[in-house]
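>>> Prediction below, plus the sequence it came from.
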Amino acid sequence: MTVPAEVHQAEERLQSILKAVVVGARVDEPASRPGGEDALAFSEAGALQPPYEPEALCLLVEHSNSLRQNVDAYATNIDGFGFRFEPAIDFDADGAQQKVADAMALERAAAHDAGTLPPGTPLRPTDEDVAAHAEEVRQQARVEKARLESFFDFCCFDSSFVELRRRTRHDLEVTGNAYWEVLRDGKGDIARFVYVPSYTVRLLPLDKEAVEVRERVRISAVSFDTVTTRRRLRRYIQVQGSERVYFKSFGDSRVISRLTGRAFKDVAALKAADASDGPSTELIHFAIHSPRSPYGIPRWVGTLLSVLGSRQMEEVNYLYFNNKSVPPLALLVSGGRLSDASVPRIERFIEENLKGKANFHKILILEADGTGDGGRAKIELRPLTDAQQQDALFQAYDARNIDKVGSAFRLPPLLRGDGRDFNRSVAEAQLRFAEDQVFQPERDEFDFLLRTAPPPWVLPELLARTPSCARQAAALRPPTPHGATAGTSRPSAARPDARRSSLSPRLAPLHFPERHLASEMLRDTFQTSSSDLTPQKDKDSLLGEAKRLLGLREELRAEEERLAQGRLALARRYMEDTEHIPVPREEFDTWFSGQPT
């Protein structure tokens, strides 16, 4: 049975190990000190204490032989391939008009509930209204896409938006937290994003009083509405050296002092209290969820002992070159004794001239005295290389630790820089697994935060209608024959996404006759044994399978009709190219009457 007190004691021991770790021999690292000026400043401001010291986590990653590879793999594959904007309604796809009609119906229903719908307006739009509104929405989508592209091209001062995301992902995986500072222009619109180092920021407790905030909620695929709600918000404090700066939550409309964190009625009241003070800016907090703390916790904390053990192993192997535990030779004296001058010479030589790689082949000259009974002194040097360490110690232990850290990130060895003993099929399977199970869900979560999640995030604040702001170009799975991605019904449906991908930017449109056939038939065509290589899974109901087969039959019938029309047209062209010779009527009749001409 688990006792809560014992669980808390074990957790305290684990945190004490983390806070007391010293990297290297006789090195005074900041993570090994119990506290400093920064910790004191945070505690004086009333900030919540994080479960793990963020700066100590950063130092562990810097000195670990396995963590940085996993963090870089996350940053590169999740955030490093760029982004693209996808419209809420793709007007080039089938069913675009129906989506516009549904959006108009939802907007009119919302207006009817709010009492703002003009009298006599039907809830369901007519075809003429849908056509006119579709063209209007198409033009608005073009303008908004151009505006979003311009904003995200220059939304950071000293880096690109992709680099901002990479830094954010790095902080998120190292400390479990990441922060953006949001700067607004004179009109109150978002103007810039600024990266804030996660180890310099702490959270303050939630405010006791709820604050009235305005949020944008989606009514339909192409429209938003503004609602008012009350939420308890929190403030943040950043400490760098002797400077303290307070921030407020993103979407907080209050005037907060950036020097004291106090709330004021307006900017004039803030300036009246302190002319050198100013309103604080907003902060966006990203975190890997922890059920016991508002801070995030890195996903590799469970392998902390493995990380520390690998570091100790590295130090033991490194110190071997400066402090050899077993000497290379043993000195044996028989029939005499060493002279009085030889003993201190040996001790001094071992202490000063045996350590280090520069003294690996030093020669020691010895002198011995006989015993005096006529015997001859004999000195023998016996090698001890069999007892010496020939290679690094604890290699199996270190390899197992590296695998533990990689499993915490759920990354296959290939993405962690280990390319040994892999063939092409294994490599593709590992990449597909990482893309489906790790990278794409993380991208989707980040995209959701930017476009729809409360409090009001970036795209609703920008009044954008494109819901997928940061859809990664590398989100496509490895292509199957003719560029069809896994999970699509037809290669022609998957080809436009593949052409937009940075993985295959030069793919041309498909023009082969089989482009509209089902992907299952193509697999049977291009694979010798699809039943063995790609086991089929019965995911559809019987009715769905019947509909699919009927649709396939209609496609085949249409293809046969197209081929028949082509053969008929070819025959007609052949008839038109035939030479015609006029024959008199009388002579033509004699050909069939049997009379001689």
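Perfect, I can see it now.

>>> C-alpha only now, for contacts and for neighbours.
OK.

>>> need the longest helix for the chain.
Of all the segments of type helix in the chain, defined by DSSP state H, the longest one is helix 542-576.

>>> What's the first helix or strand after it?
Sequence-wise, the next helix or strand downstream of helix 542-576 (DSSP states H and E) is helix 585-593.

>>> Give the buried residues for that next one.
When burial is assessed from 16 or more other C-alpha atoms under 10 Å, helix 585-593 yields no buried residues.

>>> try stretch 305-316
Buried residues in stretch 305-316, defined by neighbour count with 16+ other C-alpha under 10 Å: 306-311, 313-314.

>>> Give me the contact list for the helix or strand harbouring residue 192.
Per DSSP H and E, residue 192 falls inside strand 190-196. By C-alpha atoms under 8 Å, 6 or more residues apart in numbering, the surrounding residues in contact with strand 190-196 are 151, 154-157, 164, 167-168, 178-185, 461-462.

>>> Separate out the buried members of those residues.
151, 155-156, 164, 167-168, 178-183, 462.

>>> Sort out for me which of those residues are in strands.
The members of these that map onto strands under DSSP state E are 178-183.

>>> now those in a markdown table, with pLDDT and distance to residue 255?
Shown next, in a markdown table, are these (pLDDT from 0 to 100; distance: C-alpha to C-alpha, whole Å):
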| residue | pLDDT | distance to residue 255 |
| --- | --- | --- |
| 178 | 96 | 24 |
| 179 | 96 | 20 |
| 180 | 95 | 19 |
| 181 | 95 | 16 |
| 182 | 93 | 15 |
| 183 | 93 | 14 |
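
>>> and which of those residues is nearest to residue 82?
The shortest approach to residue 82 among these belongs to residue 180, at 18.5 Å (C-alpha to C-alpha).

>>> gap between the closest one and residue 236?
Separation of residue 180 from residue 236 (C-alpha to C-alpha, to the nearest Å): 12 Å.

>>> Give me the common contacts of the two.
residue 283.

>>> Can you pull the phi/psi pair for residue 62?
Geometry field for residue 62 lists phi and psi as phi -60, psi -30, criterion degrees, to the nearest 10.

>>> Tell me who's in contact with it.
If you count contacts by C-alpha under 8 Å, 6+ apart, residue 62 has them with residue 68.

>>> Over to residue 263?
254-257.

>>> ditto for residue 277
Residues in contact with residue 277 (C-alpha under 8 Å, 6+ apart) are 257-259, 270-271.

>>> Nearest to residue 568, out of those residues: which one, please.
residue 258 (81.3 Å).

>>> And that closest one, how close does it get to residue 551?
64 Å.

>>> Check residue 412 too.
To residue 551, residue 412 is 40 Å away according to C-alpha to C-alpha.

>>> do residue 217 as well
To residue 551, residue 217 is 39 Å away according to C-alpha to C-alpha.

>>> wait, doesn't residue 241 sit right on residue 39?
No: when contacts are counted by C-alpha atoms under 8 Å, residue 241 is not listed as touching residue 39 (10.9 Å).

>>> And these two? Which one has more around it.
Comparing residue 241 with residue 39 by other C-alpha atoms under 10 Å, the one with more neighbours is residue 39, at 14 against 10.

>>> what about residue 232, neighbour count?
Look at residue 232: counted by other C-alpha under 10 Å, it has 13 neighbours.

>>> List the contacts of it.
206-211.

>>> Wasn't residue 381 part of a strand?
Yes: applying DSSP: H, G, I helix; E, B strand; the rest coil, one finds residue 381 inside a strand.

>>> would you list every one of the strands in the stretch 201-350 of the chain?
201-206, 211-220, 223-231, 234-240, 243-249, 255-256, 263-264, 282-287, 329-334, 336-338 (DSSP state E, counting those that start in this stretch).

>>> Relative to residue 418, which of those is closest?
Nearest to residue 418 among these is strand 282-287 (28.9 Å), distances taken as C-alpha to C-alpha.

>>> my guess is residue 288 meets residue 172, correct?
Yes: at 7.0 Å, residue 288 and residue 172 qualify as touching, with contact defined as C-alpha under 8 Å.
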